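> With the input below, show me the fold.
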Amino acid sequence: MTRVLVIDDEVAVAELVRVVLEEANFRVSVATDTASIPSERFDCVVADLVGLKLYSFAAARDFLQRLRDRLAGSPVIVLTAHAEASADAQRLGVRVITKPFDLDDLVAAVRDATAR
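Numbers count the residues shown, from 1 in each chain. The predicted model follows:
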């Protein structure tokens with residue numbers, strides 16, 4: 001089963017994403033801050049960078065690089081309501097989904113990212 005890590009400081013959003021992805025047959029773990037990110041391997045990460053207090057391009061870049069190194073290049077999908085964070089994430093080559101988002105679009109993005 002495909003493993004997905006959801007990282008979002010908004011517990012309600014993280015739980016909603018978890019439920020929707022589990023209904024789509026993904027195995028999901030949730031972290032609400034960088035300190036609670038599990039050490040196991042995941043096939044895809046869905047993360048809200050601003051919620052993780054990664055306000056600068058450099059901070060987001062460094063976090064994404066550490067995450068990619070740990071996950072051996074697994075895809076990352078960024079959820080954000082902030083235009084600047086969206087532009088930064090796109091410059092880093094990750095898929096961006098803008099909040100508020102359609103749940104079906106999120107499921108499709110995770111399926112697409114994990115099918116590669």
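
> what's residue 7 in contact with, if anything?
If you count contacts by Cβ atoms under 8 Å, 6 or more residues apart in numbering, residue 7 has them with 14, 30, 31, 32, 34, 37, 45, 46, 47, 48, 51, 52. Yep, even glycine has a C-beta here, placed from its N, CA and C like the rest.

> got the CA positions of stretch 9-19 in PDB?
C-alpha atoms of stretch 9-19 as PDB (Å, rounded to 0.1, in the frame of the first residue of the first chain):
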ATOM      1  CA  ASP A   9      -0.100  22.500  11.700                       C
ATOM      2  CA  GLU A  10      -3.900  22.800  11.300                       C
ATOM      3  CA  VAL A  11      -5.100  19.600  12.900                       C
ATOM      4  CA  ALA A  12      -8.500  19.800  11.200                       C
ATOM      5  CA  VAL A  13      -7.000  20.100   7.800                       C
ATOM      6  CA  ALA A  14      -4.500  17.300   8.400                       C
ATOM      7  CA  GLU A  15      -7.200  15.000   9.600                       C
ATOM      8  CA  LEU A  16      -9.500  15.800   6.700                       C
ATOM      9  CA  VAL A  17      -6.700  15.100   4.300                       C
ATOM     10  CA  ARG A  18      -5.900  11.900   6.200                       C
ATOM     11  CA  VAL A  19      -9.500  10.600   6.000                       C
END
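
> Now do that stretch: everything it contacts.
6-8, 28, 30-33, 46, 48, 51-52, 79, 103, 106.

> Can you select the buried ones from the contacts of residue 7 in ChimeraX?
Under the burial definition 16 or more other Cβ atoms under 10 Å, those of the contacts of residue 7 that qualify are selected in ChimeraX by:
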select :14,30,31,32,37,45,46,47,48,51,52
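
> Show the contacting residues for the most centrally placed residue in the chain.
Of all residues in the chain, the one closest to the mean position by Cα atoms, centre = their mean is residue 46, 1.6 Å from it. Each residue near residue 46 by Cβ under 8 Å, 6+ apart is listed here: 4, 5, 6, 7, 8, 17, 21, 76, 77, 79, 106, 110.

> Correct me if wrong: residue 38 contacts residue 4.
No. Applying Cβ atoms under 8 Å, one finds residue 38 not in contact with residue 4, separated by 11.7 Å.
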